[in-house]
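S.K.: predicted model follows, preceded by the sequence.
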Amino acid sequence: MPATQSDLQTARILKDRVLKLTPLIDFRLFGSRARGDADEFSDMDIFMEFETVDRELKSNVKNTAWEMTLETGIVVTTLLFSRYEVEDSPLRSSPIIRVILEEGIPV
């Protein structure tokens, strides 16, 4: 069973909030909630790709994800990557990046 409408809606709200901070290149729901095999204790895994990532952006996104956690009761976990990391660095061949790009649900 794929992601629930509720999970997709939560991800869309988070994406909208992040877009108010900075432009996004990619935003995907991945992990158990994307696969549809989450249980009541599963976190929500979100992949975000930006042109660049700095300490301030990480802090702002972390705070925004925490707000979503408080509002929904679902722990929102974020992975932030720069375009360089996804496209040109050794990370591009990382198993986690490969799985996210193959199985993650674009939001």
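M.R.: Here it is on my side, so go on. Numbers count the residues shown, from 1 in each chain.

S.K.: remind me, longest helix of this structure?
M.R.: Counting by DSSP state H, the longest helix found in the chain is helix 55-72.

S.K.: so for it, mean pLDDT?
M.R.: Throughout helix 55-72, pLDDT has a mean value of 96.

S.K.: can you give the distance of that helix from its chain's centre?
M.R.: Distance of helix 55-72 from its chain centroid, counting by C-alpha atoms, centre = their mean, to the nearest Å, is 11 Å.

S.K.: so which elements touch it?
M.R.: helix 5-19, strand 44-50, strand 76-82 (3 or more C-beta pairs under 8 Å, 6 or more residues apart in numbering; DSSP states H and E). Yep, even glycine has a C-beta here, placed from its N, CA and C like the rest.

S.K.: so where's this structure shaky on pLDDT?
M.R.: 1 (pLDDT under 70).

S.K.: okay, which residue is most central for it?
M.R.: Centroid-nearest residue in the chain: I46, 1.7 Å away (criterion: C-alpha atoms, centre = their mean).

S.K.: who are the contact partners of the closest residue in space to it that isn't next to it in sequence?
M.R.: Nearest residue to I46, sequence neighbours excluded (C-beta to C-beta, 6 or more residues apart in numbering): T78, at 4.9 Å. T78 is in contact with I46, F47, M48, V61, K62, A65, counting by C-beta atoms under 8 Å, 6 or more residues apart in numbering.

S.K.: ok so, going back, which of the residues in the longest helix of the chain are buried?
M.R.: By 16 or more other C-beta atoms under 10 Å, the buried positions in helix 55-72 come out as L57, N60, V61, T64, A65, M68, T69, T72.

S.K.: before we move on, what about stretch 97-107?
M.R.: I97, I100, L101, G104, I105, V107.

S.K.: what does stretch 77-93 give?
M.R.: Neighbour counts over stretch 77-93 (16+ other C-beta under 10 Å) mark T78, L80, F81, S82, E85, V86 as buried.

S.K.: isn't P2 up against I105?
M.R.: Yes: between P2 and I105 there is a contact under C-beta atoms under 8 Å: 7.4 Å.
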